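**Q** using only what follows, build the 3D model:
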Amino acid sequence: MLPTLADVLDLPALQRARPKVVVGIDLLDVAVRWVHIAEVTDLAHLLRGGELVLTTGIAMPDDDQALRRYVTDLASVGVSGIAVELGRKYHTRLPDALLDAAREVGMPVISLDREARFVEITEAVHSRVVSEQLEELRESERLHEVFTELSVEGARPDQVLREAAQLSGCPVVLENLTHQMLGCDLNGEDPGILLTAWENRSRAVRTSTRTVHDPATGWLVTTVGARGQDWGRLILICGASPTRRQTVLVERAATTLALGRLLERHQESLERQTHRTIIAGIVDRAYSDPEEALVRARAVGVPLNGRNLVGLVLRLREAGTGLATQARLADTAEAAARACRDLRLPALVGSLDDVRVGILLEVPPKEGLDECLDRLAALLRERVGAGSVIAVGSRTENIRQVRRSFLEARQVGDVALRQTDDRLYYRLPDLHVRGLLHLFRDDERLQVYVERELGPLLAYDARHDVDLTEMLRHYLESGRNKALASSRAHLSRPAFYERLRRISHVLDVDLESVEACLSLHVALLALDSIRDRLPG
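**A** Numbers count the residues shown, from 1 in each chain. Alright, predicted model coming up:
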């Protein structure tokens, strides 16, 4: 961190010259990047900004207009200040024209009452600047080593947050794109103070660049993501003026979190890893020719014919972290693979993520899908127990459609967790729009959609402490029946109509438009899912 002008004035080399701040006593926090000795007035084009100009004033013009131009030229390039030694040209005080011009442009002026050794001053300041820059480099390298080690070790997000909080001495919060907190380390601070009304407070802090500091809240905010897919923000609550070290720290921590999300994998058997890779290639469209998946499947001993395929997902009922969860997921995958082998059903079986096992199953040509699923689901219930639900996608007759089957099964599986019946397996008809949105609540695209549709209204509610979002909900859930909506909102019709007009103005949308209201209603349902308010 560069020394300030106040720091420079405290140096012994300058103190011996008895410096006196004659203009800009409140501007001494400006950074000094360098010291420039100059006895000419035409020097602004030689400077880059951040310099303290030292001069005896011997060559300064006598004309007031020229003196003012000298000051304004220096201010235009961003010098930190001017220090003038008295005795050569100006004996007791500096000219009023110089001082008045400095006040107008907001540039500090210092008079040196004693003869100054300019070389000694420049050496002292430059030594301080270089020392500070070297310390910044050392600290940046240390932070780089710390977070690189965390990345290599595969540290969990809570470990990264804890390290960031300890190194900075400040609370750290990780949130998603809709300002829902994903994790935090408050460094001993009171959560009741820091986290109350978090979403509303966070919405007030907008980020136009990758890393920004908001003086009003004292938040240093950086975006978290990789490969062009941003998924959250990391916030360091550091106060009014963050240091360069804190900025580097929060950016390194965000990079580590992004890498951790990209590199996170689970321990499985080699066979399961191979199956998982093939399934992932289908779901992620990694193969330029989908038929390549069939070739790879045959190569690992699963001769799929490319027709009568169906995607199944075993969704664990209880999510978790750590070795126990990984072991449970691996056991579920192995049990599913054995069940398919025992029933002589060709299938690829591998984990999809932390809580899901995928099965790409070929339905025997002489057996119906229902009969095949009944046999497999019954054996899986016996082998795996009630710790997971079985979700089934659409049957396909082409390997190119398998991805859609898996996505359907994944949707069904997430919603099936909330079902109260005890069916052996679930299919797509069990889904409704709330369940679909609940599935995609962690998808950044859905979060961006919610922000685009409702962000201005949510920010307005937070700023004015009102409930226009709930009024919009009453209106839409009442089928746009204003009389019914006002009754549900416990408001008179004129009062409710006024709120609708305000909502229309804030969102710049026509609430009489069916399409616009449909879009807003979907956004509200998605917001409920993101906030985990899904009934159930």
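**Q** going by C-alpha atoms from here, please, whenever you check contacts or count neighbours.
**A** Fine.
**Q** now the strands for the stretch 251-400 of the chain?
**A** Listed in chain order, the strands of the stretch 251-400 of the chain (DSSP state E, counting those that start in this stretch) span 309-316, 347-351, 356-362, 388-396.
**Q** and the third one, which strands flank it?
**A** Taking DSSP bridges as the criterion, strand 356-362 forms sheet pairs with strand 309-316 (antiparallel), strand 347-351 (antiparallel).
**Q** and it, how far out from the chain middle?
**A** In terms of C-alpha atoms, centre = their mean, to the nearest Å, the centre of strand 356-362 is found 33 Å from the chain centre.
**Q** who touches that strand?
**A** 276, 279, 304-305, 307-316, 329, 332-333, 345-352, 406 (C-alpha atoms under 8 Å, 6 or more residues apart in numbering).
**Q** which of those residues are buried? Put it as a PyMOL command.
**A** Applying 16 or more other C-alpha atoms under 10 Å to the contacts of strand 356-362, the buried members can be selected in PyMOL as follows:
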select buried, resi 276+279+304+305+307+308+309+310+311+312+313+314+315+316+329+332+333+345+346+347+348+349+350+351+352+406
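**Q** compute the first-to-last residue distance for stretch 361-374.
**A** Terminal residues of stretch 361-374 lie 13 Å apart, using C-alpha to C-alpha, to the nearest Å.
**Q** buried ones in it?
**A** Leu361, Glu362, Val363, Leu369, Cys372, Leu373.
**Q** any chance of those residues in JSON lines, plus distance to Ser478 and pLDDT?
**A** Formatted as JSON lines, those follow (distance: C-alpha to C-alpha, whole Å; pLDDT from 0 to 100):
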{"residue": "Leu361", "distance to Ser478": "44", "pLDDT": "94"}
{"residue": "Glu362", "distance to Ser478": "46", "pLDDT": "92"}
{"residue": "Val363", "distance to Ser478": "46", "pLDDT": "91"}
{"residue": "Leu369", "distance to Ser478": "41", "pLDDT": "90"}
{"residue": "Cys372", "distance to Ser478": "44", "pLDDT": "94"}
{"residue": "Leu373", "distance to Ser478": "41", "pLDDT": "94"}
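**Q** all strands of this structure, in order?
**A** Using DSSP state E, the strands of the chain run over 19-23, 34-37, 51-55, 81-85, 109-112, 172-176, 181-185, 211-214, 219-226, 229-237, 309-316, 347-351, 356-362, 388-396.
**Q** can you list these in CSV and add distance to His126?
**A** Shown next, in CSV, are those (distance: least, C-alpha to C-alpha, whole Å):
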stretch, distance to His126
strand 19-23, 18
strand 34-37, 6
strand 51-55, 11
strand 81-85, 16
strand 109-112, 19
strand 172-176, 35
strand 181-185, 39
strand 211-214, 29
strand 219-226, 30
strand 229-237, 32
strand 309-316, 63
strand 347-351, 59
strand 356-362, 60
strand 388-396, 67
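**Q** circling back to that earlier point, so can I have TSV of the strands of the stretch 251-400 of the chain showing distance to Arg117?
**A** Listed next are the strands of the stretch 251-400 of the chain as TSV, based on distance: least, C-alpha to C-alpha, whole Å:
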stretch	distance to Arg117
strand 309-316	76
strand 347-351	73
strand 356-362	74
strand 388-396	81
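**Q** give me the pLDDT for the residue of the chain most remote from its centre.
**A** The C-alpha centroid of the chain is most remote from His91, which lies 58.9 Å away (C-alpha atoms, centre = their mean). His91 is assigned a predicted lDDT (pLDDT) of 84.
**Q** check the one 3 residues further on too.
**A** The predicted local distance difference test score for Leu94 is 91.
**Q** now do Glu371
**A** Model confidence at Glu371, given as pLDDT, is 93.
**Q** what sits against Gly529?
**A** Small correction: residue 529 is Ser, not Gly. Neighbouring residues of Ser529 by C-alpha under 8 Å, 6+ apart: Arg434, Leu437, His438, Arg441.
**Q** quick check, nearest of those residues to Leu491?
**A** Leu491 has its nearest neighbour among those in Arg434, at 27.8 Å by C-alpha to C-alpha.
**Q** do I have it right that that closest one meets Leu525?
**A** Yes: contact status for Arg434 versus Leu525: in contact at 6.5 Å, counting by C-alpha atoms under 8 Å.
**Q** could you list the alpha-carbon positions for the worst-scoring helix or strand of the chain on mean pLDDT in CSV?
**A** Here the helix or strand of the chain ranked lowest by mean pLDDT, DSSP states H and E is helix 433-439, holding a mean of 74. Extracted in CSV, the C-alpha atoms of helix 433-439 (Å, rounded to 0.1, in the frame of the first residue of the first chain):
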residue,chain,number,x,y,z
VAL,A,433,-44.6,-26.5,-12.4
ARG,A,434,-43.6,-25.9,-8.8
GLY,A,435,-41.6,-29.1,-8.8
LEU,A,436,-39.9,-28.2,-12.0
LEU,A,437,-38.9,-24.8,-10.7
HIS,A,438,-37.8,-26.4,-7.4
LEU,A,439,-35.5,-28.7,-9.4
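**Q** elements contacting that helix?
**A** Contacts defined by 3 or more C-alpha pairs under 8 Å, 6 or more residues apart in numbering; DSSP states H and E place helix 433-439 against helix 402-416, helix 514-530.
**Q** can I get those in TSV with mean pLDDT and distance to Thr256?
**A** Formatted as TSV, those follow (pLDDT from 0 to 100; distance: least, C-alpha to C-alpha, whole Å):
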stretch	mean pLDDT	distance to Thr256
helix 402-416	87	29
helix 514-530	91	25
